[in-house]
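*Asks:* need a structure here:
(one chain, ligands or ions: 1)
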Amino acid sequence: MEYVRSLAYVNVSNLLNNVRNIYNYVNKKIFAVVKADAYGHDAEIVSKVLEPLDYVEIFCVATAYEGYLLRKSGIKKPILVLGGVLKEEVDIFNDFNLTPVVSDFYHLEVVKKLKKNTVHIKFDTGMRRLGFYLSEVDKLKNHLNDLTVEGVLSHFPSADSDRDYTLNQILEFKKVLYTLNIKPKYIHIQNSAGIVYECPFCNAVRVGLAIYGEKPTVDYPVELKPVMSIVSKVVSLKKVKKGDKISYNGTFKAEKDMKVAVVAFGYADGLPRALSNKGYVIINEQKCRILGNVTMDMVVVDVSHLNEVNVGDSVIIVGKSGNQEITFSDIANISGTIPYEIMCGISKRVLRKEVR
Ligand SMILES: *Cc1c(COP(=O)(O)O)cnc(C)c1O
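*Replies:* Modelled structure (predicted):
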């Protein structure tokens, strides 16, 4: 561990706090979304911590391969593959007991070859990505005879930004269920942002972002704690003279003599290059701005204002130190994207470490 320069601490107490608070707020079964290696948090760590909770019913992944990896790490609870099933994936679904989300007549044909006939059926009520339309329900019914429809679902594209659109989706979903006229074990449409909407006929929620401690909206009513914090190290200190240009392409010109620190964290670790000359890190409880372009393995930051700084000092990339804090949302806002993308982008080189 001491040979690793950058660590991502995964705080499982905070993870449990978040899942518990979400459950107490919605009072519906939780489907924990652990796709994309649990949004970069390590799907094995996250799933093992959540599996013992009785209200966590299902783990959601994007692809069969992600489901296979979860089974390899010992997860026994049902695994729902959100991205459907392709014919070349039949064996992996069978061998590792994965449940497909069916959202295309192609998927229905493939599902007939599975040993277990349990499926969730997805409807498109506004996302225009995966799912059948309400108008296809009658045709669909002819194909459901030999299947166990354990779940019916849909998905919100704009629960964090468009209330009317989302309310309309809930109405459309209700029509789908009425027309389908079956009683599945699970009915689910709400994502993290979606849990603030009433859906009395739904009995499960699929939550990702919120369990990892990021609020999808500023007025989100559930108390959440950040799960991941990222710490790197100072690898070199130096002085630069007024007029010196820092890093590739010289996009930062020193306005005065300065002291700078070189930090072992670059875009190959997941620090967006868009933070060049815009972002900051925390060293010894003080904000230090990024100078010049972020490079692949390192970034140069201003430490002129620090009384004391040494090679080897810890550098907070994401997290809290003293009165200072940097969240995934902060980084996303500065670099013009969403916290999801920053979380998923923290690379393999950053070692994940479970802490309590
Ligand atoms: C990723 C995903 C979710 C989780 O969304 P969050 O906003 O992270 O809660 C839910 N449902 C589907 C279909 C998804 O792809």
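
*Asks:* show me where the stretch 151-300 of the chain has strands.
*Replies:* Ranges of strands within the stretch 151-300 of the chain are 186-190, 204-207, 228-240, 245-246, 252-253, 258-263, 280-283, 286-289, 299-302, based on DSSP state E, counting those that start in this stretch.

*Asks:* Tell me which of the ones you listed lies nearest to Gly151.
*Replies:* Of all the strands of the stretch 151-300 of the chain, it is strand 186-190 that lies closest to Gly151, at 3.9 Å by CB to CB. Every C-beta, even on glycine, is put in place using the N, C-alpha and C of the backbone.

*Asks:* Just put the strands of the stretch 151-300 of the chain in JSON lines and tack on distance to Tyr68 and mean neighbour count.
*Replies:* Shown next, in JSON lines, are the strands of the stretch 151-300 of the chain (distance: least, CB to CB, whole Å; neighbours: other CB atoms under 10 Å):
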{"stretch": "strand 186-190", "distance to Tyr68": "23", "mean neighbour count": "24"}
{"stretch": "strand 204-207", "distance to Tyr68": "20", "mean neighbour count": "24"}
{"stretch": "strand 228-240", "distance to Tyr68": "24", "mean neighbour count": "19"}
{"stretch": "strand 245-246", "distance to Tyr68": "45", "mean neighbour count": "17"}
{"stretch": "strand 252-253", "distance to Tyr68": "46", "mean neighbour count": "18"}
{"stretch": "strand 258-263", "distance to Tyr68": "36", "mean neighbour count": "21"}
{"stretch": "strand 280-283", "distance to Tyr68": "37", "mean neighbour count": "24"}
{"stretch": "strand 286-289", "distance to Tyr68": "42", "mean neighbour count": "18"}
{"stretch": "strand 299-302", "distance to Tyr68": "36", "mean neighbour count": "24"}
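
*Asks:* Of those strands, give the one that comes closest to Glu66.
*Replies:* Ranking these by their distance to Glu66 (criterion: CB to CB) puts strand 204-207 first, at 14.7 Å.

*Asks:* Restricting to C-alpha, output that closest one in CSV.
*Replies:* C-alpha atoms of strand 204-207 as CSV (Å, rounded to 0.1, in the frame of the first residue of the first chain):
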residue,chain,number,x,y,z
ALA,A,204,-38.8,-0.6,-5.7
VAL,A,205,-36.3,2.1,-6.6
ARG,A,206,-33.1,1.9,-8.6
VAL,A,207,-30.6,4.2,-7.0
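
*Asks:* what's that strand in contact with?
*Replies:* 19, 22, 26, 28-33, 57-58, 60, 151, 153, 186-188, 190-192, 194-195 (CB atoms under 8 Å, 6 or more residues apart in numbering).

*Asks:* check whether stretch 172-180 contacts the ligand.
*Replies:* No - against the ligand, stretch 172-180 shows no contacts by CB under 6 Å from any ligand atom, the least distance being 13.3 Å.

*Asks:* List the buried residues of that stretch.
*Replies:* Under the neighbour-count criterion of 16 or more other CB atoms under 10 Å, stretch 172-180 has Glu172, Phe173, Lys174, Val176, Leu177, Leu180 buried.

*Asks:* Correct me if wrong: the fifth one contacts Ile187.
*Replies:* What it means is Leu177. Yes - with contact defined as CB atoms under 8 Å, Leu177 counts as touching Ile187 (6.7 Å).

*Asks:* joint contacts of those two?
*Replies:* Here Leu177 and Ile187 have Val152, Phe201 as joint contacts, going by CB under 8 Å, 6+ apart.

*Asks:* And what about His107, helix, strand or coil?
*Replies:* Following DSSP: H, G, I helix; E, B strand; the rest coil, His107 is assigned to helix.

*Asks:* re earlier: among the buried residues of stretch 172-180, give me the pair with the biggest separation.
*Replies:* For the buried residues of stretch 172-180, the farthest-apart pair by CB to CB is Glu172 and Leu180; their separation is 12.5 Å.

*Asks:* and stretch 106-113, how far out from the chain's middle?
*Replies:* The chain centroid and the centroid of stretch 106-113 are separated by 29 Å, computed with CA atoms, centre = their mean, to the nearest Å.

*Asks:* actually stretch 280-290, sorry about that
*Replies:* Worked out by CA atoms, centre = their mean, stretch 280-290 lies 25 Å from the chain centre.

*Asks:* which residues touch it?
*Replies:* 232, 234, 261, 263, 265, 275-279, 299-303, 305-306, 308-309, 313-317, 319, 321-326.

*Asks:* now with 7 Å?
*Replies:* With contacts defined as CB atoms under 7 Å, 6 or more residues apart in numbering, stretch 280-290 is touched by 234, 261, 263, 275-279, 299, 301-303, 305-306, 308-309, 313, 315-317, 321-322, 324, 326.
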